[in-house]
Structures are given as C-alpha cells and as structure tokens.
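S.K.: One predicted model, sequence on top.
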Amino acid sequence: MTQPVSPPRGADKVTPVSEPPAWRALAFRADVRTLSLLGVLAVLILIGGVTRPDEFLDTRNLQLVLTQASVIGVVTVGMTFVITSGGIDLSVGAIVALSSVWATTVATQEFGFAGILFTAVIVGVGCGLVNGLLIAYGGIVPFIATLAMLASARGLALQITDGSTQVVTVDSILGLGERDAYVLGIPPLVLVFAFVTITGWLVLNRTTFGRRTVAVGGNAEAARLAGIDVRRQRLYLYLLSGLCCGIAAFLLIVLSGSGQNTNGNLYELDAIAAAIIGGTMLSGGRGTITGSVLGVLIFTTITNLFALNNLQTDVQQIAKGAIIVAAVLVQRRTANTT
Amino acid sequence: MPQFTSRRGLLFGTAAVSAGALLTGCTSNESDDDPAAAEQTAADDKPGKAVTIGFAGPQADHGWLNAINQNAKSRAERYEDVTLEITEGSNDTAQQIGQIETLINKKVDVLVVLPADGKALTQVGLKAMRAGIPVVNLDRIFNSPQAYRCWIGGDNYGMGLSAGHYIGEQLKDKGNARVVELAGLDNLELTKQRTKGFDDALKNYPNIEKVARQAAEFTVESGQAKMAQLLQAQSNFDALWNHDDDQGVGALRAIEQAGRDDFLMVGGAGALSAFQAIKKDDGVLKATVLYPPTMAASAIDLARALGQGKGVGGLAEFEIPSSLTLYSAVVDKDNVDQYMPTGFK
Amino acid sequence: MAPEPPLLTMSGITKSFPGVRALDGVDLDVQAGEVHCLLGQNGAGKSTLIKVLAGAHQPDDGTITWQGEPVTLKSPIAAMRLGIATIYQELDLVEGLSVAENVHLGHEPTAAGFVVRGKASRASTAALLKRLGHPEVDPARLVGDLSAAQRQIVSMARALSHDVRLIVMDEPSAALDPDEVDNLFRIVGDLTAAGVAVVYISHRLEEIRRIGDRVTVLKDGRAVAGGLPAKSTPTRDVVALMTGRNVEYVFPDRPLAPAAGTTPVLQVRGLARDGEFEAFDLEVRPGEIVGLAGLVGSGRSEILETIYGARKPSAGQVSVDGRTLRPGSVRAAVRAGLGLAPEERKAQALLMLESVTRNVSVSSMSRFARVGWIDRGAEFRAARAATRELSLRPDNPAVPVRTLSGGNQQKAVLARWLLRGCRVLLLDEPTRGVDVGARAELYAVVRRLADEGLAVLLVSSEVPEVLGLADRVLVLREGRVVHTAPARELDEHRVLDLVLEGSPVASAGSPTGSGGPATGAGRPATRADRSATGSDRSATGSDRPVAGEGSQAS
C-alpha cells in the first residue's frame, strides 16, 4: 500500500545524477572555511620555523604536538557532536578526571591493560548515560545537567584519590606512551586520535546518526515532527561525548602515567573553544569535525610555540586570547566574502 | 597549595595576647623541629591540662593538603589531653569562615587555621583572638599579625634558595652549565617567590645560566605537557628544578618518553614517590627540597603548648614564638631514609 | 466635519514584505479629539498600518503629515516623541518589573544620572492608574502578577505617561469583561474630550457604533472606504466593503464521484484534549480532502497536532487502516503513514540551514541507509524525483531550503511526505506566507495527491480555501464540531455564521448587533471573538496571505 515516490512524471526528463553545480558551491564554501583555518595554522608554523627552526621543524616536535593534541582532540570530537545538536557538555573535563582516576586505582590496576582501558571507557560512558538521561528524559537543560555532572564527577574523583596521585605501574600501559611503541614513527595516541577523528567525520557527515544530530540541532521541533526520536538522539549524543571522554582519559593515563583528580582541568572550555573556532555553531545545526580538529591543532601549536620560545604564562595568556579572536575574525571574513 | 606569602621571621610579638597563655610559663621539654614528626615522640608525654583544639583547613584536593590533615590528626591522637575538632575542608571562603565561627562558638581552647585564602580570613582570625581563643595560623598567612598568636609555615623563597644552591654545588665545576626551571601555577605568589629564591641562589654561580622556564599547574597532566615542550625546546641542559613533586610525576613521565637522561633533576615539596625515586637512584631525579606537611603536626604541638601555657622545648623562652618559618631542607640519597615516613602521596 | 487641518494624515502608504504587498497606497486622516476606527479582515493590513504609524515599520512609499508638517517615523521612539502612543494587542510589558517601572520604562525619572526609584515614580503611576479608573492596582506590584485586564490598564498608563496626542489601540476590548469595556470607553471619552485622537481597531461593530466617530475600512492592503460616519453607515454596507473580494483563486475541479465507497484510511474516535477540544470524530477516505474551518482557538491546529501525535490526547484514539496508533507518539504516526505540514513552516518543519535534499529526505533517511550509512546518490535522486513531481523550483534540490520562496518551501515539506510514501496528509494553513500566484499551483498539487490516493485533512483560517479545496467541511467552534457538510453545500457567509455564531459582524443586518440569531451576545460571543482576535487572524476568513500582517514581517 505504501507508495514510495513515483517516478518523475510529465515531460521532465530524467538526467543521470552527477553532482550538481550548487552542490559543489556548497562544498567549496565549506572548504574556504577550512582553508582559512589551515591558513592560520600555516602562519603559526611559519612563525615557529622562523623563531626556532631547529626545534620546531623537527619530526619529534611534530610527534609531540600531535600527541599533546590527542587527548583534548578526542574530547573535542565528542563535544562537536553535542554542540551540533544544540547542546553543551560542561562535564567533559570532570568525566576525564573521574575516568582516569577510577581506571588507575590499585584495584583496577590489578586487572592490567584491559582493566584500565575497560574501566576508563565504561566510566566515561556511564557518566554520559547519566547526562543523557537527565537531559533527554529528565528535561533538565544541558547546561545545568552537565554542570551538575561536572561538580559530582570532580567530587567523586577527589574522593577516590583523596587528593593523591595514582601512579600507574602496569608496564604495557606505560610502554604505549614511549617511543618504542611508535608505529612507523606515529605515536599510538595519535593513531587513536586519528581513528576517532575519521570515525567522527564519517558518522557526522555520512550516516543517519549524523543527519539526525544536525536536524535536532538545527530545529528540534521540526526534527520531532519529521518523525525523529529527538530524545533518544540526545541520549545517544551525551553517551557519545562520555565515550570520547573515556577514550581521552585512557590516552591521558598512557601519556601521564598516572591518574589524578585534577586531570582534564578546563577541558570543557578548550573543547568548546576549539569547536567554535573550527566553525561549529554554538546554537546548533552546523558542525564540522575537520574544523574542530584544526582548532585543536591550532591551540596545541600555539602552546608549543610559546614553550619553545620560552614565553611566560602572562604573555601566553594574552597572546592566546588575541589569536582566538584573530582566528575567528579571519574565518568570518573569508566565509563572508565568498 | 602551600602558603601565599613568606614571612621570614619578620614577625614580632605584637600580638598582645595573654588569653590562652598562663602568666607563669612552664618550660616544655619538647625537642622540636624534626620534620619526621610522625616518628618523633610527642612533646610532653605527661598528660597536662586537657586542651580542645579546633582545626580548619581547605579541601584536600592535592596530596600535600591531604598530608596536612593526616599530620594534624595523627599528631593529635598521640596526646591523651588533646581533643581535635576538625572541620570538613573547604575552599570556599564564606564556608570556611562559617566553620571557624562555629568552632569559636563551641569555645575551643586553641584554633589551628590553614585558610583557603589568608587575606580573606583575617577578620575571622581577629574575631577568634578577641574572643580569647589563640590562633595558630598555618602556612597561608593572615593579613594582620593581630589575627594570630603564632604563625608556622613553609618557606617558598627558601625552597628556591635550597634548590638553587644544591644545583649550583653539583654543577660547580662545569663550564657554561645550563639550567631549566619547571615552575608551578604562575597565578600564585608562592611560585614567584620560589623562582626568585632559585634565581638569587644561582647568582652565586656565574658558570650557570638559566636557559628556560615554563609554568605548569601543579598537576601531573600539566607537568607532562610542559616538560615535554621544555625537552623539545632545550636539546641539552644540565639541571632541572621542578617546583612540585606532584607535577613532577608528569615531568618524569615526559622525560622518560623523550628518552632523556643527560641532566639532573631536583624536585620540590617532598612527595613519597619522589623520595622513592631518589632512594632508587636510577633516574634523573637526585634530590627534592622540602615544603614539609609535618608543619601541621608542629602546629598541633604549638596549639597544645598554648593551651597548657608552655613554651617550646630547647629554647630559653617562656612563651612559644610568634612566628616559625620552617627550613626547606634538601633531601637527597644520603638522608632520604630519614624523611621517607613524611613523604605524602 | 473637519474645519481645522487634520492631526495626522497618511497618504499613499505602501509596504511590501517578501511575496506580499501588505499595504498598497493607504490613505488615512485623523482629527484631534476624534475616535477613528479601523476595520478590516485579517490580512487586510491593519496591523501593518499601525506599525508604520508607531514607527516599527518603515513604509516603502507614501507620506505622513503630523500637525501639518511632513515627518518620517524612523523608530518607535521618534513616534513617541511626536506624541503617538500605541497599545498593542500583545502587550509589551516586562513581567519581572513593577507596574511603576513598566510605566516609566525607557523614560525613567532620573536625578544626576541615576534612576529614581520609589515614591515619586510610584506616586505618578498611582495618579495615572486612578485616572484610568483602576486605583486598586498597586504601582509596586510585579506586572507578572496582574490579570490580563490590569495589564492592559498598565499598558495604557504607560502610553499616557508621555505627552500624547494620538493613541492607537489595537483590539483593546478583546481581553476585557463587559464592565471593563465600559471603563475603557469612559477613558476613551475622557481622552477625546481632552483633544487626544484615538485610532481604534476592533472587530466588534457594536463597539464602533458606540464610541466611533469615523470609520476607515481596509481590504487587501487598500483603504476601500475612508471617513465613513461610524454611527450611521449601515452594517450591511460595512460588511460588504470588508468581504467583497476581487481576487479569486483557481481551485482544481473536484472528482465527480467522491470516494465514498472506499474504507476510510484515517479514523478518529472521541479524540479530546482538556480545555482545547472534545469528542472529535472523523473519517477520511483515500482520495478525499476534508477541511476543518474555525477560528484561531477553535481547536483546529490542536486537533491536527493531536492526530499526528505531537500532542497527547486526554481521551480518544486515532487509527490508520484500522490499526490504533500509540497516543502522543509522532513516530508511531509517521510510521503508520501520517505526514504533517505544520502551520509554522520555518519553526516546525524546515531545517533552514540545510539543503532541500536533506529537508526532503529527513523522514525517510533509513531508506537510503545501510547500517546507518547513507547512500547520498540515491538520496539525492529520490529527493529530486519527489521535488520534480511537485514542480518545485529551482529544479535543484542541492540548494539551501532557505533560498526558496514560501510556496516552494511548502512543496519541499510536501515532497518530504511524498518521499516517505505517506497515506494521510495533514495540512495546517498550507498557503500561509505563500504568494497569490503560487497558491493555485499548491491547490492543484494537493488535489492531485488526493487523486492519487492520499487522504488529506486540511486546516485553514481562510474559509474560501477550505470551501474551494475540500470535499467535505467540518466547522469547529470552541473545540466542538458544530456542522459537517459537503463543501459544495456551503458558502462563505454560512460558514462565517457558524463559526462566529452571534458575533456582530456575522449577524449583519441588525444595526446594533444585538438582534442577531444568538442574542445571548454577552459571554459566548465575547469569548468567540476573543479567540478570534488572539493572533489577529481569521475572524471572517481572508483572501490575503497573513504573513504581511506581522508574523513574517518581524
């Protein structure tokens, strides 16, 4: 009985589908956005190359920058989804802290590599589940629900550690962060980051999940009336963010060889800033994984540049603020003129 | 985090306080100043007048602060005549003020206060003193000397000095030696003081140049991140001073990951993990300079002496001093066993 | 009537919104001390005209003369400075501020740059309230705590707190009880006696006869009559002026044999929602278009959305092909073959940042997806096939949907359901914001879809649309079906009569409006009228797009 679309009737001749011109125009506009970010990155690399040519333009430094970007990068991919859906997740840093702490207790460490990985991911997903349930079915606005999670997760992390640093003694974990573990010169952390990024890009741009995310963010009421289960989608989105936090926590454990309740400090702001600089709209409805990852790389490169040039915290902070504004302005300008 | 301002013995007995102290001072036989206080026999084992000590500290969200609470508690348990009223730690100024006021209302005999923010809590210190309750101000100092009977705390400038001198002596014979500093949270005054002490000490060694300084945030994560960058920035240097052993865990991780072992490292504060590494002596960490959490145990001793009207053993004075700045000792392989029990996690 | 020059003259005022010419050379003159009434159906341009007068809209063309001087009203503040105050239907008060603060909002008494709070402001407010006959309203109370009538008084006090020469009142009586209306008229009398002019907008001819001096009738953005004597012009003439139309839509022919024999695809039994509508029964067969006519507030949109599962019913059930749907579940409805083209297209249907393709495919994504992976080629082809079927322009579904005209946006929504293969189409105000030319096309599309076997349920505030397009019409009044008949057996006057039942405009022919068929005019009529004026639409059906009246303009 159901009658899907009937073949085009009338005189309209069916031309074979090729990408229509307008499609390309849209793709090009997105590219301009990305190009402007790449431009900012290029300028930073130029500055690094001029000021500290030996240290900056060095394979080891590339490995370093990418490694340092991995943890916050994975968090940002999750955050991009949430923001695209019109939400916000303020609890990412706290979830990273809790996951990293829970996964490095003496009891967990007895289960070795798998135990630590499993715990980190499960705790992240669990926190995301709570966020998602509160927001999707409890009707609490994301800002408040995740703010509450921020406080609770940090508190729980503190309770578990009692303020002390939990040093990891599992060699297989520690080994993953060392040079011996590099695959063709690529640190395993960076591989994970790349995997999460590519998966995130595909999911957002090529799957029904991604479409629903964009639809919910663009117009939740329209999405609902179009037959999308908006609440379930929201639940999944915060779960996804929690999952990313769990993965990030694992990376952080590998990187720092420890779990501490202060981990993930202000990740929420870094991740939001990177996503916004990348071109994801804070009001929802438009998100770009490519942009977010470029945003993260820009931030990490800035930090790297500062350290290599031995700039102190005060100068760093001033310059960072200025660069954020500059990056957004450049991006807006280029996006508008096209 | 440790104290904000260093008051290096600048305090005089302006605190015209008689309240808690009896006029006739009994000399106590406390042999003080051993940082391994937990192992030390308590001041005056003979039970004296019963003393109730109120203790208010910040939230123990850092290993050092947790150690402060532990030191205070275990020290108080050693004395039969001491009852410790300990509040839940809080970083919220208003909440801490409320907690201290509750202790005042309970009429404890002596207060030991480690303020979340020394300046902001000065008023409540004054209030306690006016109410006749002597205050032992721990580490983070109040604005006014009238707000406490006795201040006891660590020496941030002294930490820098000790670290600088230790490194200076190690590199004495090396020409054009290069030194790197991994500082703590730059927003805090104590970080500036540590750096100043370090720089001042290095001035004594013209062959040494400090080539780089980056600030981390007292966390493992930031220690790893900043150290990794420093290592990339400085392909060779001879010594590293790291302000804080907690962030040092991350710094050591970064050093390990970079596969570097061409320099010596000095830590700060005195964490157990640092002591263990020094004892093992298989890495770059050779020493650490103390910011001892045992000061909390000493504060309990001082409070008890105040409550019982005694002085400090080993000194000719009838009264306890109005200010005690603790020495920032260097712990290296030779004396690490002695300090091991005081190391915090 | 006017020996002295008019206080206000507006001449040739023209204002267009995308797709709609809301005002087309309107003339209006107002004398000091008179009550000048504006009459017209919804969409006739009244709201736009008073927004021009208030400085909220800038006219495209035309001149405004104030006390003999040509002026431009660049902003609401500029209008206020001249002495023109407007009391809108949707009162623009700040609920979180006190009465006194609201009254002085924007021109707070200051001393040395600081806002003076307290006594002086409260005293002057109290004096104003007393003058308005409501001394019981405490100037210190929060506006949020006041009743609707009290708020209106506050709004009026705010207008009077300026040095005002002309007050525009947009349906001021809509929210008032009869007693309060009397008080309102007393205030209006006081004002005009003091030389202040009042521009009074109302649907109630009865009121206009009581207090009005002259009447200007608007229709289709033109003033079809200006300065008629309010008390002596026969009601029949006024109604004729308001309803006589010159644009006739082309409606597609109905099939000769209505699909009577077939089994209904949509069945609604005893559907109800507390306070909105009750015991609603309906059957729609494949190929049939059923129209719901009624005022805003009669429950038409609510019924549609409840059938669709977007609202949860308090009783009753909806079934498709004899299978009962889970109540309150849009997904269940969509799965069963229902599709909704909602009233607020931009807010409720479209993803404005997205392409037409994605807007069309959003309800059928999984058809182009394998394990969640979307085949974008197939998606694009299907979307294009669906939009071509509806002749959506431009013929490129890759363009952003926001670049489309209103009519084509509506087609994109229809294409969504066409692609989904839906069996029952629910249309809520399908031609809202659609310009005249595109309407006929849209009607043809809807009829064709029905001919192809779709069941269509149509809601419209435009009675001619319902009558022209539907096979069968249900007339709603206050949440109840008052009449059901084949569309061809009804005409506009009959429907309006049923819809309004006793309100003065409908009972044309009785000069005072009190001798009509429903003499119990007091309560029910007031309520019907109130709901009619709720959003300035649809009191008597309209032949102009509503968009120009403000919803789109903002």
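M.R.: Received the coordinates, thanks. Because the structure is predicted, anything quoted here is derived from the model rather than measured.
S.K.: is any part of the helix or strand hosting B:Asn71 close to chain A?
M.R.: According to DSSP states H and E, B:Asn71 maps onto helix B:63-78. Yes. Remark: helix B:63-78 sits within contact range of chain A at B:Gly63, B:Leu65, B:Asn66, by Cβ under 8 Å from any Cβ of the partner chain. For glycine as for every other residue, the C-beta is placed from the backbone atoms N, C-alpha and C.
S.K.: Return the item of these having minimum pLDDT.
M.R.: Here the lowest pLDDT out of the residues of helix B:63-78 next to chain A sits on B:Gly63, with 80.
S.K.: Tell me if I'm right that that one and A:Gln166 touch.
M.R.: No. The pair B:Gly63 and A:Gln166 fails to qualify as a contact (Cβ atoms under 8 Å) at a distance of 10.4 Å.
S.K.: ok, residue 165 - contacts?
M.R.: If you meant another chain, say so; for now it's chain A. Contact analysis of A:Thr165 by Cβ atoms under 8 Å, 6 or more residues apart in numbering or on different chains lists A:Ser258, A:Gly259, A:Gln260, B:Gly63, B:Val220, B:Asp246, B:Val249, B:Ala271, B:Ser273, B:Lys345.
S.K.: wrong one, I was asking about chain C
M.R.: Shown in contact with C:Arg165 (Cβ under 8 Å, 6+ apart): C:Leu7, C:Ala32, C:Leu82, C:Gly83, C:Ile84, C:Gly195, C:Val196, C:Ala197.
S.K.: Narrow those residues to those in strands?
M.R.: Mapping the contacts of C:Arg165 onto strands (DSSP state E) picks out C:Ile84, C:Ala197.
S.K.: To which secondary structure element type does C:Val481 belong?
M.R.: With DSSP: H, G, I helix; E, B strand; the rest coil as the basis, C:Val481 sits in strand.
S.K.: Show me the contact partners of the helix holding B:Asn71.
M.R.: With Cβ under 8 Å, 6+ apart as the test, helix B:63-78 has contacts from A:162-165, B:1-2, B:37-38, B:42, B:53, B:55, B:57-60, B:82-84, B:86, B:89, B:112, B:114, B:138-139, B:246, B:269, B:271, B:291, B:293-297, B:299-301, B:344-345.
S.K.: So the next helix-or-strand element following it, near chain A or not?
M.R.: Toward the C-terminus, helix B:63-78 is succeeded by strand B:82-86 as the next helix or strand (DSSP H and E). No. Remark: strand B:82-86 sits outside contact range of chain A, by Cβ under 8 Å from any Cβ, the gap being at least 15.0 Å.
S.K.: State the distance from C:Ser329 to chain A.
M.R.: Separation of C:Ser329 from chain A (Cβ to the nearest Cβ, to the nearest Å): 9 Å.
S.K.: for C:Gly275, same thing?
M.R.: Taken as Cβ to the nearest Cβ, the span from C:Gly275 to chain A is 22 Å.
S.K.: mind listing what C:Gly221 touches?
M.R.: Contacts for C:Gly221 (Cβ under 8 Å, 6+ apart) come out as C:Arg21, C:Ala22, C:Leu23, C:Asp24, C:Val26, C:Ala44, C:Gly45, C:Thr48, C:Arg544, C:Gly548.
S.K.: Can you give me the neighbour number for the fifth one?
M.R.: Using other Cβ atoms under 10 Å in any protein chain shown, C:Val26 has 25 other residues around it.
S.K.: just checking, C:Val495 is part of a helix?
M.R.: Yes. Membership of C:Val495 in a helix is supported by three-state DSSP.
S.K.: ok so, going back, mind picking the lowest-pLDDT entry from the contacts of C:Gly221?
M.R.: When the contacts of C:Gly221 are compared by pLDDT, C:Gly548 scores lowest at 34.
S.K.: And C:Val499, how far from C:Glu302?
M.R.: Going from C:Val499 to C:Glu302 by Cβ to Cβ, to the nearest Å gives 16 Å.
S.K.: Got the phi and psi for residue 328?
M.R.: I'll assume chain A. Per-residue torsions, A:Val328: phi -70, psi -40 (degrees, to the nearest 10).
S.K.: nope, chain C
M.R.: Torsion angles, degrees, to the nearest 10, at C:Gly328: phi 70, psi 20.
S.K.: May I ask which helix or strand encompasses the residue in the stretch 151-300 of chain B that chain C sits nearest to?
M.R.: In the stretch 151-300 of chain B, no residue comes nearer to chain C than B:Glu221, which is 34.9 Å away by Cβ to the nearest Cβ. Using DSSP H and E, B:Glu221 sits in helix B:220-233.
S.K.: Check which helix or strand A:Phe299 maps to.
M.R.: Taking DSSP H and E as the criterion, A:Phe299 maps to helix A:289-308.
S.K.: Briefly note if that helix comes near chain C.
M.R.: No. With Cβ under 8 Å from any Cβ as the criterion, chain C is not reached by helix A:289-308; the gap is at least 15.2 Å.
S.K.: For that helix, give the mean pLDDT please.
M.R.: Averaged over helix A:289-308, pLDDT sits at 93.
S.K.: can you tell me if that helix touches chain B.
M.R.: Yes. Against chain B, helix A:289-308 shows contacts by Cβ under 8 Å from any Cβ at A:Thr303, A:Asn304, A:Ala307, A:Leu308.
S.K.: Kindly indicate the member of those with the most neighbours.
M.R.: Neighbour max across these (other Cβ under 10 Å) = A:Asn304, 26 neighbours.
S.K.: who touches it in this structure?
M.R.: Going by Cβ under 8 Å, 6+ apart, A:Asn304 touches A:Gly48, A:Phe56, A:Asn61, A:Leu64, A:Val65, A:Gln68, B:Gln229, B:Gln232.
S.K.: wouldn't the last one be in contact with A:Gln63 here?
M.R.: So the one you mean is B:Gln232. No. With contact defined as Cβ under 8 Å, B:Gln232 does not reach A:Gln63; the gap is 9.5 Å.
S.K.: just to revisit the earlier point, extract the C-alpha set from the helix holding B:Glu221 and format it as CSV.
M.R.: Provided in CSV are the C-alpha atoms of helix B:220-233 (Å, rounded to 0.1, in the frame of the first residue of the first chain):
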residue,chain,number,x,y,z
VAL,B,220,50.5,15.6,36.6
GLU,B,221,48.9,16.3,33.3
SER,B,222,50.3,19.8,33.1
GLY,B,223,53.7,18.6,34.3
GLN,B,224,53.9,16.1,31.5
ALA,B,225,52.7,18.6,28.9
LYS,B,226,55.0,21.4,29.8
MET,B,227,58.0,19.2,30.4
ALA,B,228,57.6,17.6,27.0
GLN,B,229,57.7,21.0,25.4
LEU,B,230,60.7,22.1,27.5
LEU,B,231,62.6,19.0,26.5
GLN,B,232,61.9,19.7,22.8
ALA,B,233,62.9,23.3,23.3
